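**Q** whatever this is, show me its structure:
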Amino acid sequence: MAPETNTMTSTTIGDTILKVEHLSMKFGGLMAINDFSFEARRGDITALIGPNGAGKTTVFNCITGFYKPTMGMITLRQRDGREHLLERLKDFEITKSAKVARTFQNIRLFSGLTVLENLLVAQHNVLMKASGYTILGLLGLPTYKKAVGASIEKAKYWLDKADLTDRADDPAGDLPYGAQRRLEIARAMCTGPELLCLDEPAAGLNPRESAALNTLLHSIRSEGVSILLIEHDMSVVMEISDHVVVLEYGQKISDGTPDHVKNDPKVIAAYLGVEDDEVDEVIAVELEGGDR
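**A** I've put the predicted structure just below:
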């Protein structure tokens, strides 16, 4: 039995789910993010890309509450119309109330627990509430038993989506690297997010593992969940993204479809490490190439 899923109506598809306005983040004398704005649409996979040190993870940390930005506004609009100013919420409130989930560059599984147990841990708050914070669980009342059953079904559902059903009883630490990545994403989905933030999910994956990841991400999008990801693997970005935003030195240099971004001379110059005063030369070369 599938868990209750997020459904999108014609009035919500394409709506803005996340709006970042004039975001700035300063660490001492270093301006890591400078007046950065973008929007992510509901139902889209939005990729945030850029050279190393561009400020991508800093943006993620501001969105998910690990940093409080120096300036700017971050608005998340839920499906029911409620809006949350994320820069004003504590990190746990961003997950609980605004329904934002996140994974990290470094895998953070409970390696000693089984694959299934990792997904149940993600539903800890729901189970604790159903248990009356212990007493109802100890008494084994029907309400608690029903909540446990629903949590197990949700875990099994995402195990199947992540192609990990056969490994459900294995320790999470015994999984291959690519399978651990998918498990971490499945665990995030067990929290019931509307926006899923993934920090370099394809890092270290071989082509077969990347293909399995892409399948999982498309499946998540089909559930009505919007995805915001940081990624260095351009083959992954261009294959699965609907919308790409490019950062360089904490500032936005391009914003649009994958085709628009990959052909943007400013993006090409940034990835080639070209200095600002040489960007015009790159643009001229691109224009000459297009005229041939």
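
**Q** longest helix in this structure, please.
**A** Taking DSSP state H as the criterion, the chain has its longest helix at helix 142-161.

**Q** if you count neighbours, what's buried in it?
**A** Of the residues in helix 142-161, 144, 147-148, 150-151, 154-159, 161 count as buried by neighbour count, 16 or more other C-beta atoms under 10 Å. Every C-beta, even on glycine, is put in place using the N, C-alpha and C of the backbone.

**Q** thought Ile17 was touching Arg42?
**A** Yes - using C-beta atoms under 8 Å, Ile17 is in contact with Arg42, at 4.2 Å.

**Q** of the two, which one has the most company?
**A** Using other C-beta atoms under 10 Å, the more surrounded residue of Ile17 and Arg42 is Ile17, with 24 against 21.

**Q** show me what counts as buried in the host helix or strand of that one.
**A** Per DSSP states H and E: Ile17 is located in strand 16-27. Across strand 16-27, burial judged by 16+ other C-beta under 10 Å covers 17-18, 20, 23-25.

**Q** cool, and stretch 167-179?
**A** Neighbour counts over stretch 167-179 (16+ other C-beta under 10 Å) mark 167, 171-172, 175, 178-179 as buried.

**Q** what average pLDDT does stretch 225-235 get?
**A** For stretch 225-235, the mean per-residue pLDDT is 92.

**Q** any idea how far apart the tips of it sit?
**A** Distance between the two ends of stretch 225-235: 22 Å, counting by C-alpha to C-alpha, to the nearest Å.

**Q** returning to that earlier point: list the helices and strands the strand holding Ile17 packs on?
**A** Secondary-structure packing of strand 16-27 (3 or more C-beta pairs under 8 Å, 6 or more residues apart in numbering; DSSP states H and E): strand 30-41, helix 56-63, strand 71-77, strand 226-230.

**Q** who wins for proximity to Thr215 among those?
**A** Closest to Thr215 of the helices and strands packed on strand 16-27, according to C-beta to C-beta: strand 226-230, at 13.5 Å.

**Q** next SSE downstream of that closest one?
**A** helix 234-240.

**Q** helices or strands next to that following helix in the packing?
**A** By 3+ C-beta pairs under 8 Å, 6+ apart, helix 234-240 packs against strand 45-49, helix 207-222, helix 258-262.

**Q** quick one: buried residues of the longest one?
**A** Same thing as helix 207-222. 209-210, 212-214, 216-217, 220-221.

**Q** state the mean pLDDT of the helix or strand containing Phe92.
**A** In the assignment (DSSP H and E), Phe92 maps to helix 91-96. What helix 91-96 shows for mean pLDDT is 92.

**Q** what's the answer for stretch 210-218, then?
**A** 94.

**Q** same question, stretch 194-203
**A** Mean pLDDT, stretch 194-203: 95.

**Q** what sits up against that stretch?
**A** Applying C-beta atoms under 8 Å, 6 or more residues apart in numbering, the contact partners of stretch 194-203 are 6, 17-18, 40, 57, 60, 63-64, 76, 78-79, 98-105, 181, 185, 188-189, 210, 213, 217, 220, 225-233, 236.
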